[in-house]
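>>> Here you go, sequence then predicted model.
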Amino acid sequence: MFNVRKDPLSVNSELYGIMQGKEVYRFTLQNETLRVEITNLGCSITSIYAPGRNQLQKNIVAGFEDIKDYQNNPHYFGCVLGRYANRIAGGRFILDEKNILLSVNDGVNHLHGGFKGFNKKIWEINNINYFADEVSVEFEYLSRDGEEGYPGNLRIKVKYILNNKNQLCIEYHAETDKATPVNLSNHTYFNLTGFETPIGKDHLLYINALSYTEKNLNNVPTGNILSVADTALDFIIPQKIGRDISRFSNDKGFDQNLILAKHSPGKVILAAQLKEPVSGRTLTIYTDQPAIQLYTANFWDGTVKGYHGGYQQHGAVALETQAFPDSPNHPSFPQTILQPGGHYFSTTI
Ligand code: GLA
């Protein structure tokens, strides 16, 4: 469909097949250093090849070689989450005095947009762009009024941009015709060794967070905001992920929402940095979102197989930039309701 190769930046697409009556593609964005592969099924990042010591290229994200595996994708590899990433308690909230009932797909809660969230949809291909300093592909999806229980027709655009500064930028846009909550995120799991050693071994993590949202046994916020000081969630000085990963017996690892310090709406700030000294790779995350969900692949058990074989517990870490979980039920949290005429815009790099 589209093929441009002008060193050092390029964008290519390859038709994978027809699914749900729609064309599914694999796109490859490349600069001198990085190769990023993306599919419009779930708007998912399927691989990121990055050099380490001695220029050794490795795929540093969990993913499937066969795109049709993204139809199932039980651990949400690489995909876009929505309409509301993370949990909404009991799958319900009140909006403009109306009870909104969402699908309940995770125990008693609504998780990551429901049974068939944005991660399972085949997105339209809107635009493929080539410029001297960046290449991009933009996807679009129309989520109908009532989908998974959400009010309003919501039109979402997600653009992946790779530039010549080794930044992969994700830009999210959304517009609605009725008030509705919107919380968009990407669920890529990283292992900077290319999955040679588990995340608990040598990965060091910094998160620009001084506090976190306390949660209850149902995995949703109590409403209390607690300090990370003297807890296993203090990553303000970089720590080995492995240091306290076994402290959370219910979750079997980290699964927490950390609140980004110095966040102000519309401003992109340093959120986190992941370093793996043995392989020599570093990932730095910037965002305008107020929080990050830290999740360490706690329930992987080797049965889901992809690029790196069977994915094992603590094989990788997801650093999901997003709003606080369950915000529609917590007026004190940063608000996530998009109004008709309003425009949702967010960037994560
Ligand atoms: C997020 C959640 C986790 C889990 C994963 C998906 O990270 O916080 O509880 O649902 O997604 O496996």
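Great, that's in hand.

>>> so what's Trp123 up against?
Counting by CB atoms under 8 Å, 6 or more residues apart in numbering, Trp123 touches Asn40, Leu41, Gly42, Cys43, Phe139, Glu140, Tyr141, Val158. In this view, the C-beta of every residue, glycine as well, is placed from N, C-alpha and C.

>>> Sorry, slip of the keys, the one I care about is Lys120.
Gly42, Gln71, Asn73.

>>> tell me how far the helix or strand hosting Arg155 is from the chain's mean position?
In this assignment (DSSP states H and E), Arg155 forms part of strand 154-163. Centre-to-centre, strand 154-163 and its host chain are 13 Å apart (CA atoms, centre = their mean, to the nearest Å).

>>> In the sheet, which strands lie alongside it, parallel or antiparallel?
strand 134-143 (antiparallel), strand 168-176 (antiparallel) (DSSP bridges).

>>> Pairing partners for the residue of the chain found nearest the ligand in the sheet, please.
Going by CB to the nearest ligand atom, the ligand is nearest to Tyr295 of the chain, at 3.3 Å. Counting by DSSP bridges, Tyr295 forms beta bridges with Asp255, Ala318.

>>> Report how many residues lie close to it.
Counted by other CB atoms under 10 Å, the residues lying close to Tyr295 total 23.

>>> surely it meets Ala318?
Yes. Taking CB atoms under 8 Å as the definition, Tyr295 is a contact partner of Ala318 at 4.4 Å.

>>> okay but Ile18 is in contact with Leu41, surely?
No. Contact criterion CB under 8 Å: Ile18 and Leu41 do not qualify, at 11.3 Å.

>>> out of those two, which sits in the busier spot?
Set Ile18 next to Leu41 and count neighbours by other CB under 10 Å: Leu41 wins out with 27 against 10.

>>> so the more buried one sits right up against Ile122, yeah?
Yes. Between Leu41 and Ile122 a contact is recorded at 5.5 Å, counting by CB under 8 Å.

>>> Now for those two: what residues contact both?
Contact criterion CB under 8 Å, 6+ apart; residues shared by Leu41 and Ile122: Met19, Val24.

>>> and Ile88, what does it touch?
Listed by CB under 8 Å, 6+ apart, the contact set of Ile88 reads Leu102, Asn109, His110, Pro181, Val220, Pro325, Asp326, Pro328, Asn329.

>>> Please name the nearest non-neighbouring residue to the first one.
Read that as Leu102. Spatial nearest neighbour of Leu102, chain neighbours left out: Gly149 (3.7 Å); criterion: CB to CB, 6 or more residues apart in numbering.

>>> just the helices in this structure please.
199-202 (DSSP state H).

>>> quick one: terminal-to-terminal distance for stretch 189-199?
With CA to CA, to the nearest Å as the measure, stretch 189-199 spans 10 Å from end to end.

>>> could you give the mean pLDDT of it?
Averaging pLDDT along stretch 189-199 yields 98.

>>> Distance from the chain centre to stretch 321-330, please.
15 Å.

>>> same question, stretch 322-334
That offset, for stretch 322-334, works out to 18 Å (CA atoms, centre = their mean).

>>> Go through that stretch and flag the buried ones.
Buried residues in stretch 322-334, counted by 16 or more other CB atoms under 10 Å: Gln322, Ala323, Phe324, Pro325, Asp326, Ser327, Pro328, Asn329, His330, Phe333.

>>> quick one, what contacts Lys252?
Lys252 neighbours (CB under 8 Å, 6+ apart): Asn298, Phe299, Gln313.

>>> I'd like the distance from the spatially most distant residue from the centre of the chain to Gly223, if you could.
Most distant residue from the mean C-alpha position of the chain: Glu97, 31.1 Å away (CA atoms, centre = their mean). As defined by CB to CB, to the nearest Å, Glu97 lies at a distance of 21 Å from Gly223.

>>> Kindly report the same for Ile67.
41 Å.

>>> okay, those two: which has more neighbours?
Ranked by neighbour count (other CB under 10 Å), Ile67 and Gly223 place Ile67 first, with 22 against 14.
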